[in-house]
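Colleague: Here is a sequence with its predicted model. Questions after.
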Amino acid sequence: MERTKSFRNEYLRKKFEENYLKIMPSFFEMQSTFLSGIYKRYGDLEGGNIVIFFARDLHLQILRKREINLDFDLSLEKFWINHKNIVQGKQKIIIVSKQTGLPKETARRKILHLIKKKHIKKGEKNRLFWEPASDHKETYIKIIDEQINSLSRFVFEQTKCINLNVPVSKIEKEIKKNYCFYWYNYLTAQLEYISFWQKRLKDLEMLLIVFQVVIQTIKIKESKNSSPDISATSISEITGIPRATCIRKLDRFVKMKVLEKNLQSKRYSLFVGKNNHNEFINPQSMSDKVSLFSDFSSTIINALQK
């Protein structure tokens, strides 16, 4: 295919679904990196999900500057300058609840906690907006760099499905150059994805924890030296979630027959019994969730062809 060709979203979505098993490892790594970064930054995935909602709105406000000035700089380098000059809109609790999948009272309680921790500010007329403290801004770029790298690797795996093989470095450069545009769309996909699992599991820490078991399972296929199971200690070290919490939630997955536990080694692996369709690895149950990101990836891939 010619590098100048534009790919239709429907075509790319079909190719991604056909190659789901090849794309799956980079997808779970991307999601693990994203959620781990959120947890380590805010110490709470549900609260972090609320910050994602406010951050997405901020990116949209910055993006709208392009309606006035087509040359407006949306880059990661200019992000904090743009952030400073934007007046963020007022958001209602009911909208936050709907977009995040959190019950209204839970969203209200989490917002109060985020205000106390200086992740969100409360302005005039009870206007809520994302305005992190200066010390939080210092770690922001480092975490975003990690997330952009894992996202770029995910997109790279998709380009291989259509014989493009665009270098990861080129994808990273494109995302950083038009950061607010891409991040608004990326956070939109993440909100929908996370909202689904919030309603399904009622606990986002469980999602991050089970991802580590899935990733370990995937590694077995790539290396004969890998073990199909993983310890609660390793999961705690990767995610930042306390080990006791990991054990408690891993055992909940065992009761749900999503995971199984080796009673001797105390290690966990995916439960794949007879006629079992584990929703975390089954292509039929996961492809529609991965496809949430396909239109987003299509936008990047087509931009790289210009």
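Modeller: All right, it came through fine.
Colleague: the bottom helix or strand of the chain by mean pLDDT?
Modeller: helix 283-290 (a mean of 66; mean pLDDT, DSSP states H and E).
Colleague: Can you give me every residue that contacts residue 298?
Modeller: 7, 9, 12, 13 (C-beta atoms under 8 Å, 6 or more residues apart in numbering). The C-beta positions use only the backbone N, C-alpha and C, and glycine is treated the same way.
Colleague: Just the pLDDT for it.
Modeller: What the model reports for residue 298 is a pLDDT of 88.
Colleague: which SSE is it in?
Modeller: Residue 298 is located in helix 294-304, with elements delineated by DSSP states H and E.
Colleague: Please point out which parts of that helix sit buried.
Modeller: 294, 296, 297, 298, 299, 300, 301, 303, 304 (16 or more other C-beta atoms under 10 Å).
Colleague: Quick one: the helices in this protein, in order.
Modeller: 9-18, 20-42, 45-63, 79-84, 93-100, 104-116, 134-161, 168-177, 179-201, 204-222, 232-239, 243-255, 283-290, 294-304 (DSSP state H).
Colleague: Just put these in JSON lines and tack on distance to residue 268.
Modeller: JSON lines is the format used below for the helices of the chain (distance: least, C-beta to C-beta, whole Å):
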{"stretch": "helix 9-18", "distance to residue 268": "29"}
{"stretch": "helix 20-42", "distance to residue 268": "15"}
{"stretch": "helix 45-63", "distance to residue 268": "20"}
{"stretch": "helix 79-84", "distance to residue 268": "39"}
{"stretch": "helix 93-100", "distance to residue 268": "28"}
{"stretch": "helix 104-116", "distance to residue 268": "28"}
{"stretch": "helix 134-161", "distance to residue 268": "23"}
{"stretch": "helix 168-177", "distance to residue 268": "31"}
{"stretch": "helix 179-201", "distance to residue 268": "16"}
{"stretch": "helix 204-222", "distance to residue 268": "6"}
{"stretch": "helix 232-239", "distance to residue 268": "7"}
{"stretch": "helix 243-255", "distance to residue 268": "5"}
{"stretch": "helix 283-290", "distance to residue 268": "19"}
{"stretch": "helix 294-304", "distance to residue 268": "30"}
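Colleague: which one of those helices is the most hemmed in?
Modeller: Neighbour counts (mean count of other C-beta atoms under 10 Å) averaged over each of those peak at helix 45-63, with a mean of 22.
Colleague: and it, C-alpha only, in CSV?
Modeller: Taking C-alpha atoms only, helix 45-63 is exported to CSV below (Å, rounded to 0.1, in the frame of the first residue of the first chain):
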residue,chain,number,x,y,z
LEU,A,45,-8.5,4.7,40.5
GLU,A,46,-12.1,5.9,41.0
GLY,A,47,-10.8,9.4,41.9
GLY,A,48,-8.3,9.3,39.1
ASN,A,49,-11.1,8.4,36.7
ILE,A,50,-12.9,11.7,37.7
VAL,A,51,-9.7,13.6,37.1
ILE,A,52,-9.6,12.0,33.6
PHE,A,53,-13.1,13.4,33.0
PHE,A,54,-12.0,17.0,33.9
ALA,A,55,-8.7,16.6,32.0
ARG,A,56,-10.6,15.6,28.9
ASP,A,57,-12.7,18.7,29.1
LEU,A,58,-9.6,20.8,29.5
HIS,A,59,-8.1,19.3,26.4
LEU,A,60,-11.3,20.0,24.5
GLN,A,61,-11.2,23.7,25.5
ILE,A,62,-7.6,24.0,24.3
LEU,A,63,-8.5,22.1,21.1
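Colleague: What helices and strands are in contact with that helix?
Modeller: Counting contacts by 3 or more C-beta pairs under 8 Å, 6 or more residues apart in numbering; DSSP states H and E, helix 45-63 packs against helix 20-42, helix 79-84, helix 93-100, helix 104-116, strand 120-122, strand 128-130, helix 179-201, helix 204-222.
Colleague: run the last query once more with 7 Å
Modeller: Applying 3 or more C-beta pairs under 7 Å, 6 or more residues apart in numbering; DSSP states H and E, one finds that helix 45-63 makes contact with helix 20-42, helix 93-100, helix 104-116, strand 128-130, helix 179-201, helix 204-222.
Colleague: Export the ones you listed as a markdown table, with columns for mean pLDDT and distance to residue 142.
Modeller: A markdown table is the format used below for those (pLDDT from 0 to 100; distance: least, C-beta to C-beta, whole Å):
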| stretch | mean pLDDT | distance to residue 142 |
| --- | --- | --- |
| helix 20-42 | 89 | 9 |
| helix 93-100 | 89 | 25 |
| helix 104-116 | 93 | 20 |
| strand 128-130 | 85 | 18 |
| helix 179-201 | 92 | 15 |
| helix 204-222 | 87 | 19 |
